[in-house]
Each structure stands twice: as C-alpha cells, then as structure tokens.
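Novice: Structure of the sequence below:
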Amino acid sequence: MPGGKLIHQTSDEYGTIEVVDYMDQLRAMHFGNKTQQSTSLLCNPYFLIHKYAQAMILPLCWLQAERVLVLGLGAGSIVKYLYQYHPDLKIDAIELRSTVIEVAHEYFMLPNADERLTIYNSSAEDWLKSDNKHKYDLIIVDLFLTGSGEKDITVDIAESLQGISARLNHKGVATFNHLGKNILTYPGFNEISKIFNLPLHSINIESINTILIASLSSIPTNISDSEFSKMSAISTLPYQQYFSDMRKIIS
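Specialist: Numbers count the residues shown, from 1 in each chain. Coordinates of the predicted model:
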C-alpha cells in the first residue's frame with residue numbers, strides 16, 4: 001500500500017480486507033483499493049478523523065438522543081466515537097461482513113458488545129425486516145462495497161427506506177453518506193424525498209463526500225453558541241462549522 005505498512009490482509013466472499021499503518025500514527029481499513037474505509041489515530045482510537053463521519057453525527061447537536069442505529073460498521077470509527085464520548089447512548093450497529101467485524105475488534109479496538117452496544121452481522125435490508133422493535137433518534141447510513149475495478153460503490157438502499165423511516169422516532173433524523181458532490185445522484189434519493197416530506201439538507205465535504213440529512217421533524221435554523229460549546233467540549237469536533245455548511249436541497 002503506497003505510503004503505508006500493510007500489517008494484516010484477509011478476504012471474504014465480498015473481497016479483500018486490509019489493515020494499513022501510516023507513519024506509525026494512523027491505522028486504516030481498506031477494501032482492496034486506496035480508499036480508507038475507516039481510520040483511527042493509534043494514540044486515540046476513539047477520535048473521529050474523517051470529516052464526513054464527523055458531519056454524519058451533527059444531529060446530536062439538536063436531538064435529545066437515547067438510541068442510535070449505524071448501518072455499515074467498517075472498522076467502527078463512528079461507533080467507537082459514540083461509545084466513548086456519548087456514554088448515555090445505546091448503539092446498535094449492522095455489518096454485512098463477519099470478517100470486517102472480527103478485524104475491527106482485533107486491530108481497531110472496537111469495544112465488545114455490552115448493555116450499551118450491540119453489533120449484528122447482517123445485511124441492512126434483512127436486519128430492517130427483523131423483529132427488532134427499537135425506535136431510534138438517529139440512524140447513520142454508511143454502506144459501501146468495492147466492485148470490479150476496485151471502485152467503491154454506494155449500496156442502493158431504496159428498498160430499505162421505508163424500514164429506515166419506520167425505525168425512527170417522531171423527531172428522528174437519518175444521515176446518509178454519498179461519494180461525490182451531487183447529492184441528487186445518491187441511490188434512493190427520490191424515495192428519500194418522498195418519505196421525508198420536510199426539506200432535505202446536505203453538507204458538502206471537500207467535494208469528495210456529501211452528507212444527506214433527512215428528518216421527520218423540522219431541523220432548527222439556529223442553535224445557541226452555548227449548545228455548540230457543550231458538544232465541542234466533548235470531543236473538540238467543529239459542529240458549528242458543519243451546521244453553518246448545511247444547505248437545503250432544491251431538486
């Protein structure tokens with residue numbers, strides 16, 4: 001791996017899984033290409049490095065959240081952050097690839113399941129059809145596979161959107177990670193715009209990722225500086241900047 005040291009490599013029916021250390025400071029999970037699917041600081045594995053991931057948890061600034069669902073675990077960057085810095089949250093995480101879960105535990109310090117954290121080895125589609133009846137304040141959708149030509153492909157969740165909506169509480173928010181800057185090309189965007197009839201919002205992350213934010217209730221137009229200060233004090237993430245960058249989507 002250019003610029004890094006390969007410390008572990010394995011594979012499953014979906015492709016290659018690699019663990020790469022960079023400059024003895026960062027550890028990243030790759031799915032057989034250059035894209036860092038998840039990245040951790042070796043000195044602080046709970047810190048959330050990638051900006052797109054930071055933006056996906058922005059709704060915690062206005063939600064009185066008790067339970068979060070993460071669709072797409074990877075090495076567990078978002079799950080670890082939530083587990084470490086939001087100790088009152090209960091977290092459910094869904095991951096299709098059992099080998100990814102094993103690698104996340106062994107190489108990325110993913111916490112073991114307990115009363116706050118449950119990890120399910122399942123496709124998001126199948127799990128959303130299961131008997132789990134929990135309602136969630138925030139659902140984070142970060143689902144990718146690596147296709148032919150080592151290109152990352154966003155998993156089409158159009159058939160699962162009704163299930164996602166049904167799992168949200170009445171003020172719940174769902175955030176979706178899209179590769180690219182044109183959020184209108186996100187698989188399932190038209191279905192999302194029909195299910196969530198309030199204005200959708202997006203945050204562009206350096207023209208690489210775009211975060212789609214869909215809510216069952218109105219998103220606040222203002223949040224007090226003191227509220228941002230409380231959140232930033234937890235982990236120093238620039239929530240106020242992401243909130244300022246959030247735009248209504250006009251399709």
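
Novice: Could you spell out the sheet neighbours of the longest strand along the chain, each with its direction?
Specialist: Longest strand of the chain, by residue count under DSSP state E: strand 168-179. Strand 168-179 pairs in its sheet with strand 136-141 (parallel), strand 209-215 (antiparallel), by DSSP bridges.

Novice: Pass me the low-pLDDT residue ranges in the stretch 151-251 of the chain, would you?
Specialist: Where the stretch 151-251 of the chain drops to pLDDT under 70, the residues are 151-156, 251.

Novice: Show me the helices in it, by range?
Specialist: Taking DSSP state H, counting those that start in this stretch to define them, one finds helices in the stretch 151-251 of the chain at 161-167, 189-195, 225-235, 239-245.

Novice: can you list those helices in CSV and add distance to residue 138?
Specialist: Using the backbone N, CA and C atoms, a C-beta is placed for each residue, glycine as well. Below are the helices of the stretch 151-251 of the chain laid out as CSV (distance: least, CB to CB, whole Å):
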stretch, distance to residue 138
helix 161-167, 11
helix 189-195, 16
helix 225-235, 14
helix 239-245, 14
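
Novice: now the strands: where do they sit in the stretch 51-200 of the chain?
Specialist: All strands of the stretch 51-200 of the chain, identified by DSSP state E, counting those that start in this stretch, fall at 67-71, 90-95, 117-121, 136-141, 144-146, 152-154, 168-179.

Novice: Turn those into a markdown table, including distance to residue 188.
Specialist: Shown next, in a markdown table, are the strands of the stretch 51-200 of the chain (distance: least, CB to CB, whole Å):
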| stretch | distance to residue 188 |
| --- | --- |
| strand 67-71 | 12 |
| strand 90-95 | 17 |
| strand 117-121 | 21 |
| strand 136-141 | 9 |
| strand 144-146 | 14 |
| strand 152-154 | 9 |
| strand 168-179 | 8 |
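
Novice: out of those, which comes closest to residue 14?
Specialist: Minimum separation from residue 14 across these (CB to CB) falls at strand 144-146, 6.1 Å.

Novice: Wait, residue 69 touches residue 136, no?
Specialist: Yes - in this structure, residue 69 is within contact of residue 136 by CB atoms under 8 Å, at 4.5 Å.

Novice: what residues are shared contacts of these two?
Specialist: Here residue 69 and residue 136 share the contacting residues 92, 167, scored by CB atoms under 8 Å, 6 or more residues apart in numbering.

Novice: Look at the two and report which has more neighbours.
Specialist: Taking neighbours as other CB atoms under 10 Å, residue 69 and residue 136 compare with residue 69 leading, 27 against 22.

Novice: list the contacts for that one?
Specialist: 91, 92, 93, 94, 134, 136, 138, 139, 140, 167.

Novice: hmm, 6 Å instead?
Specialist: Counting by CB atoms under 6 Å, 6 or more residues apart in numbering, residue 69 touches 92, 136, 139.

Novice: buried set for whichever strand or helix holds residue 28?
Specialist: Using DSSP states H and E, residue 28 maps to strand 26-30. Buried positions in strand 26-30, judged by neighbour count with 16 or more other CB atoms under 10 Å: 26, 27, 28, 29, 30.

Novice: how about TSV for the residues you listed, with distance to residue 101 and pLDDT added?
Specialist: Formatted as TSV, these follow (distance: CB to CB, whole Å; pLDDT from 0 to 100):
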residue	distance to residue 101	pLDDT
26	21	96
27	16	97
28	17	96
29	12	95
30	16	92
